[in-house]
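Visitor: I need the structure of the sequence given here:
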Amino acid sequence: MPMTVRDVLELPALQQAGPRVMAGRDRLDAPVRWVHVAEIPEIADLLRGGELVLTTGIGLPPDDDGLRRWIDGLAAVGAAGVVVELGRRFGGTLPAALVEQARSRNLPLVALQREMRFVAVTEVVHSVIVEEQTADLLAKDEIHRIFTELSVEGAEPRQVLREVTRLSRRPAVLENLSHQVLAYETGPLSAEELLDRWETRSRAVEVPSGTGYEPRSGWLVTGVEARGNRWGRLVLLCDQEPPARTSVLLERAASTIALNQLVARDDSSVERQARSSLLWSIVNHSAPTRDVALRARGLGVALEQRRLLGVVVRRRRPGPGPGVEMNVRRRELLDAVEAAVRDCGLAALAGDVDGLGGAEVTVLVALTEAESDEGALLGLSTALTRAGLRAGSDVVVAAGSVVRSLDLARRSLVEAAQVADATAHTAEPRPFYRLLDVRLRGLLYLLRDDVRLQTFVERELGPLLSYDERHGTNHVGLLEAYLVEGRNKRRAAEEMSLSRSALYQRLQLIERVLGVDLDSSERRLSLHVALTARDVMRGGGVSGSAG
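Guide: Predicted coordinates for the structure are as follows:
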């Protein structure tokens, strides 16, 4: 941390001189960038801000107006403070005009009762400042090296946060625009302490765009964005305002998370890698259709003149974060799916494909005209259940629409991944899921990470959420009960344990805070969708550790 005026005054050399603070006592914690010895009235023209000026006063203006202008010049340039040695010019006390002007400008002014060697102060302070600058350079070099490696390795957010916490020794949290925790590292805290009432606490912390420190909460915050679109915030919890290199650390971590350009792949057989690579080519349109068809035929699966069905098989309960155990689980599931495909006699490509969200195993089934897509899905689900993975309970089998062209295969695969995502909020176990099984809640779950949906929720509900936070009320819960009960005021009042009159008053308050008319069916629909979306986004999982 940089030295402050208070730190300088506590040096033995200054303490022996009997320092007395005459003005600016509440600014003694201002940082000192340099110490400057000056005996000329035009010293302000030579400063850049942050300097602590030492003087005997022998060269200062002789009149009160000149002394006031001298103080004004120092305050205007942002000097950290002034230390005046008494005796040579001012005798035993400083001029009243000098003291009064320093107080009016809230500039720290210190009088020394005894003589001292100024060099005893400048040597110590300058050595500390140079050491701090050297430490900053070394720290920034280490930060650059570490996060360059993490970028090249395609590190997951949790890995990045682990390095942030290790280097800063502070808890770190990654959140989205709806203030949901996406990943975290607890540092010296417990997970409960770190995440307690996180959304409420986070909503209360606002910093300008870029990186900023909020003193009231002790949070250092920077935005996480890619291609100019901000999609989250990275937060470091600090006891006090951190040094500049900590801001550099947080910004570089945010850039690494946003980049996320490389992903490590599992070791597997050459044949399995070939199937996965081919599916990846289909998903990303990275190879001509004819080449894809030829490669598939070489793997024993004919895709031409077939009805194609995209399928995603995913565990119902998420496994651990990135690491050896997760890779083992993915290989086990891929083994089971490949075996089920063989048992069913399906012509299909199965593989581990990046680029489809959280898909664990991706399957492209090639059906003849005589084969039923529903029958193929039921057979796959039954085979997985026989292998000990109960479809609908242990694993989700999600399918896209049937397409008749290899050019459209990607659409079916992407649709299957979206259906699999949406089933996280489907309570009823089924052998398999199709797009028709995904209703409004499922649709909102698909869009939960979309900045536009998060912005919509904040626009619709933000004022009321902020009002509840400031006043300790639950008008958002009341609004939800009112809409869920189909505007039946009696049932809504019973649900919230309120009298009818109190309910009416609070509904009127909600209308004022949100600036809406609850008699408008369109506004009610918009609010109901926003409440459902908020519930879906709050129900998403987070990743973290107590390291």
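
Visitor: what's the domain layout of the chain?
Guide: 5-116, 150-259, 270-436, 451-538 (automatic domain parsing).

Visitor: quick one: closest of the ones you listed to residue 127.
Guide: For residue 127, the closest of these is domain 5-116, at 11.0 Å, according to C-beta to C-beta. For glycine as for every other residue, the C-beta is placed from the backbone atoms N, C-alpha and C.

Visitor: show me the shaky parts of the stretch 151-300 of the chain.
Guide: For the stretch 151-300 of the chain, the stretches with pLDDT under 70 are 226-228, 260-271, 298.

Visitor: mean neighbour count added to the domains of the chain, as JSON lines?
Guide: What follows is the domains of the chain, written out as JSON lines (neighbours: other C-beta atoms under 10 Å):
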{"stretch": "domain 5-116", "mean neighbour count": "17"}
{"stretch": "domain 150-259", "mean neighbour count": "18"}
{"stretch": "domain 270-436", "mean neighbour count": "18"}
{"stretch": "domain 451-538", "mean neighbour count": "16"}
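
Visitor: quick one: closest of those domains to residue 123.
Guide: domain 5-116 (9.2 Å).

Visitor: how far does that closest one sit from the chain's center?
Guide: 44 Å (C-alpha atoms, centre = their mean, to the nearest Å).

Visitor: related to what we said a few turns ago, make a markdown table from the domains of the chain and add distance to residue 141 to it.
Guide: A markdown table is the format used below for those (distance: least, C-beta to C-beta, whole Å):
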| stretch | distance to residue 141 |
| --- | --- |
| domain 5-116 | 22 |
| domain 150-259 | 10 |
| domain 270-436 | 27 |
| domain 451-538 | 34 |
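
Visitor: need the strands for the stretch 201-350 of the chain, in chain order.
Guide: Using DSSP state E, counting those that start in this stretch, the strands of the stretch 201-350 of the chain run over 211-214, 219-226, 229-237, 307-315, 347-351.

Visitor: mean confidence for the last one?
Guide: If I follow you right, that is strand 347-351. On average, the pLDDT along strand 347-351 is 92.

Visitor: now do the fourth one
Guide: Within the predicted structure, the mean pLDDT of strand 307-315 is 93.

Visitor: measure how far that strand is from the centre of its chain, please.
Guide: Relative to its parent chain, strand 307-315 has a centroid offset of 32 Å by C-alpha atoms, centre = their mean.

Visitor: dump it to CSV, keeping only the CA atoms.
Guide: Below are the C-alpha coordinates for strand 307-315, written out as CSV (Å, rounded to 0.1, in the frame of the first residue of the first chain):
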residue,chain,number,x,y,z
ARG,A,307,-33.8,-38.7,-42.0
LEU,A,308,-31.5,-37.2,-39.4
LEU,A,309,-32.3,-36.8,-35.7
GLY,A,310,-30.1,-34.9,-33.2
VAL,A,311,-30.0,-36.2,-29.7
VAL,A,312,-28.3,-35.0,-26.5
VAL,A,313,-27.9,-37.3,-23.5
ARG,A,314,-27.0,-35.5,-20.2
ARG,A,315,-26.9,-36.5,-16.6
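
Visitor: what angle do that strand and strand 347-351 make?
Guide: Per axes from the mean of the first three to the mean of the last three C-alpha atoms, to 10 degrees, the angle that strand 307-315 makes with strand 347-351 is 40 degrees.

Visitor: check this structure for me, the residue farthest from its geometric middle.
Guide: What lies farthest from the middle of the chain is residue 91; by C-alpha atoms, centre = their mean that is 58.7 Å.

Visitor: name the element it belongs to?
Guide: Using DSSP states H and E, residue 91 sits within no helix or strand.

Visitor: what's in contact with stretch 441-460?
Guide: With C-beta atoms under 8 Å, 6 or more residues apart in numbering as the contact definition, stretch 441-460 has outside contacts at 176-178, 229-231, 418-419, 421-426, 438, 514, 526-527, 529-530, 532-534, 536-537, 540.

Visitor: same thing but 7 Å
Guide: For stretch 441-460, contacts defined as C-beta atoms under 7 Å, 6 or more residues apart in numbering pick out 176-178, 229, 231, 418, 421-422, 424-426, 526-527, 530, 532-534, 536-537, 540.

Visitor: pull up the distance across it, start to finish.
Guide: 17 Å (C-alpha to C-alpha, to the nearest Å).

Visitor: could you give me the average pLDDT of it?
Guide: 84.

Visitor: about what we covered before: residue 291: which of the strands of the stretch 201-350 of the chain is closest?
Guide: Per C-beta to C-beta, nearest to residue 291 of these: strand 347-351, 14.4 Å.

Visitor: and the closest one, how far out from the chain middle?
Guide: Offset of strand 347-351 from its chain centre (C-alpha atoms, centre = their mean): 37 Å.
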